[in-house]
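>>> pasting the sequence and the predicted model now:
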Amino acid sequence: MIEGPYFVLTVLGVLGTGLVAGVFCAFSTFVMKGLAALPPAQGVAAMKAINVTALRPAFMLVFAGSAVLCAVIAVVTFVLWPDEGTVELLLGSALYLFGSFGVTMVANVPRNDTLMGLDAGTAEAATYWPEYVREWTVWNHVRMVASGAAAVSYVLALT
């Protein structure tokens, strides 16, 4: 069984990736549906406000901190190569780093940046909004599943 500081790192990995999965789950299951039900100008304005708020320390500590933690877990696992849990630890780290953090950087952030460049009340924003909601939500589903699977993988490493 994993012990000592390595155990603490893994438990923190479970908590961080699980919290992020929960945030992404909320967005996938009701936040984006609620925003999509609004008139485009209101939906765009609300999502722009959410995107600004998401960059504040509370969420960024959990989201980016979990990425750093997953990277540390992966490096420590490669160095120590424990007798048990190695596959689960490396899989959990890869799932979060690529499936959550990586997807955010290559799929969700570019869409957010495009949305931020639009004035909420314009025809251009109204045209982009349905595409944004659809594509952003699909990629958010990927992030949700990857973060949740990372948490499960870390739990399995602890058993």
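Thanks, I have the structure now.
>>> just say helix, strand or coil for residue 83.
coil (DSSP: H, G, I helix; E, B strand; the rest coil).
>>> what pLDDT does it get?
The predicted local distance difference test score for residue 83 is 86.
>>> what's the neighbour count on it?
Residues lying near residue 83 (other Cβ atoms under 10 Å) number 8. All C-beta atoms are positioned from the backbone trio N, CA, C, and that covers glycine.
>>> swap in the one 10 residues further on?
Residues near residue 93, counting by other Cβ under 10 Å, number 26.
>>> what of residue 27?
Count around residue 27 with other Cβ under 10 Å applied: 22.
>>> how about the contacts made by it?
137, 140, 144 (Cβ atoms under 8 Å, 6 or more residues apart in numbering).
>>> need these in TSV with neighbour count, secondary structure and distance to residue 13, can you?
Rendered in TSV, the data for these read as follows (neighbours: other Cβ atoms under 10 Å; DSSP: H, G, I helix; E, B strand; the rest coil; distance: Cβ to Cβ, whole Å):
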residue	neighbour count	secondary structure	distance to residue 13
137	19	helix	26
140	23	helix	21
144	23	helix	17
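>>> now the helices for the chain?
Residue ranges of the helices in the chain, as given by DSSP state H, are 4-26, 32-37, 40-54, 57-80, 86-94, 103, 109-116, 123-158.
>>> mean pLDDT added to those helices, as CSV?
As requested, those are exported to CSV (pLDDT from 0 to 100):
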stretch, mean pLDDT
helix 4-26, 96
helix 32-37, 98
helix 40-54, 98
helix 57-80, 96
helix 86-94, 97
helix 103, 98
helix 109-116, 98
helix 123-158, 98
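>>> returning to what we had before: could the contacts of residue 27 be laid out in JSON lines, adding distance to residue 47?
As requested, the contacts of residue 27 are exported to JSON lines (distance: Cβ to Cβ, whole Å):
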{"residue": "137", "distance to residue 47": "11"}
{"residue": "140", "distance to residue 47": "12"}
{"residue": "144", "distance to residue 47": "17"}
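>>> closest one to residue 26 out of these, please.
Minimum distance to residue 26 across those is 9.1 Å, recorded for residue 144 (Cβ to Cβ).
>>> thanks a lot, catch you later.
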